[in-house]
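Colleague: Test case, fold it:
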Amino acid sequence: MSGALVEGFSVTHRRYVPHSHAHYGGNLVDGAYGLGMFGDVATELLIHTDSDEGLFAGYSSVEFVAPIQAGDVIEASATLVRIGKRSREIEFEARVVCRSAPERGPSAADLLVEPIVVTRARGTVVAPKAAE
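Modeller: Below you'll find the predicted structure:
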């Protein structure tokens, strides 16, 4: 283990949402986009804590708080909140930190002063090698 197996340990990723991911009117992107990012940050968190990618067991809660739009820059964080023998409970949050501004031009965008929370979740992952 790398020594990061402590409650409160957190990992954050940022990703640009390409326009090719818009599935709905108004350049809206499906909510599963944020959940995919949660899987990625959970994987990195488990690598830090258990030297293993781990397995995602499931979500106990998911909230879609605001829409994700094509052209957004999304920041997704995973924070370790409970440590079991092999299980790890994680809180997730995805926030928009930059948003496109097409009314000013096709490539215009704004850095948001206050990020917009788009998705929150809580889930459990399993570190198979933790029991060895």
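
Colleague: Count residues in the vicinity of the closest residue to residue 59 other than its chain neighbours, would you?
Modeller: Excluding the flanking residues, the one nearest residue 59 by Cβ to Cβ, 6 or more residues apart in numbering is residue 123, at 4.4 Å. Glycine gets a C-beta too; all of them are placed from N, C-alpha and C. Here the number of neighbours of residue 123 (other Cβ atoms under 10 Å) works out to 21.

Colleague: chain center to the host helix or strand of residue 41: distance?
Modeller: Counting by DSSP states H and E, the element that carries residue 41 is helix 32-50. Mean-position distance between helix 32-50 and its chain equals 7 Å (Cα atoms, centre = their mean, to the nearest Å).

Colleague: and it, what other elements does it pack with?
Modeller: Under the contact definition 3 or more Cβ pairs under 8 Å, 6 or more residues apart in numbering; DSSP states H and E, helix 32-50 sits against strand 10-16, strand 55-64, strand 73-83, strand 87-100, strand 109-126.

Colleague: Please work out how many residues are found near residue 44.
Modeller: When neighbours are counted by other Cβ under 10 Å, residue 44 registers 14.

Colleague: For the closest residue to it other than its chain neighbours, give the beta-bridge partners.
Modeller: Spatial nearest neighbour of residue 44, chain neighbours left out: residue 11 (4.8 Å); criterion: Cβ to Cβ, 6+ apart. Note on residue 11: beta-bridge partners by DSSP bridges are residue 78.

Colleague: And the contacts of the lowest-mean-pLDDT helix or strand in the chain?
Modeller: Ranked by mean pLDDT, DSSP states H and E, the weakest helix or strand in the chain is strand 22-24, scoring a mean of 89. Contact with strand 22-24 is made by 28-30, 69-70, as judged by Cβ atoms under 8 Å, 6 or more residues apart in numbering.
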